[in-house]
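J.: could you look at this predicted model? Sequence included:
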Amino acid sequence: MAKKILIGILVTLSLLLTSCYPELSVQQYDKLKEDLVALDVQRAELEMEVEALKADIEVLELKGKLENAETRNYVLFLEKMVSTQSSERILTGEFDVASLVSSKDALIKLAEDLGGSEISYYLELMDSDNETQTVAAYYKTMEYCFKEMKQTLE
């Protein structure tokens, strides 16, 4: 009796399983296989695109870091140059030529690190005996730095 019940359960289960998972025809199997191959090709193409995008992102990040570093160097240079002027003298309308000229060598060194030959040229024009030329060179240097920073950020 138990064997008949067990056989009945097995037959019922096999009928349920075959109805849930119908057999595929050869054509359906071949079509599924073709679809899987096509999907695998698409997956491989998408993986290549992802790798290319990752490489592009790395290049953009590196470029952004370089641009930020260059801009930062210009800011540090300008900060050093502006720090040669005392606030008290500026507020009284005076330009501290002596302080600027005494910092000339350090500023030229920073300008060379920036790769700005034009900056070095303007700094070389600074002379304690010629206040007008020194002030003009000071502002021309600032103008050049701002122009370079703007180009770096664009």
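T.: Perfect, thanks for sending it. Residues are numbered from 1 along each chain as shown.

J.: which stretches of the protein form helices?
T.: Ranges of helices within the chain are 2-20, 26-82, 87-91, 97-102, 104-114, 117-124, 131-153, based on DSSP state H.

J.: show me what contacts Ser99?
T.: Listed by CB atoms under 8 Å, 6 or more residues apart in numbering, the contact set of Ser99 reads Thr84, Gln85, Ser86. Any C-beta I mention is one placed from the backbone N, CA and C, and that applies to glycine too.

J.: and the end-to-end length of stretch 84-96?
T.: One end of stretch 84-96 to the other measures 7 Å (CA to CA, to the nearest Å).

J.: what does that stretch rub up against?
T.: With CB under 8 Å, 6+ apart as the test, stretch 84-96 has contacts from Ser99, Leu100, Ser102, Ser103, Leu107, Glu131, Thr134, Val135, Tyr138.

J.: give me the most central residue, the chain.
T.: By CA atoms, centre = their mean, the mean C-alpha position of the chain lies nearest to Glu61, the distance being 2.2 Å.

J.: mind checking how far that one is from Tyr74?
T.: Note on Glu61: its distance to Tyr74, by CB to CB, to the nearest Å, is 21 Å.

J.: so where's this protein shaky on pLDDT?
T.: Within the chain, the ranges that satisfy pLDDT under 70 run 1-4, 6-8, 10-11, 13-24, 64-67, 116.

J.: could you tell me how many residues sit around Met142?
T.: Around Met142 sit 16 other residues, with neighbours defined as other CB atoms under 10 Å.

J.: again, but for Glu94
T.: By other CB under 10 Å, the residues close to Glu94 number 12.

J.: please consider this matter closed, and thank you.
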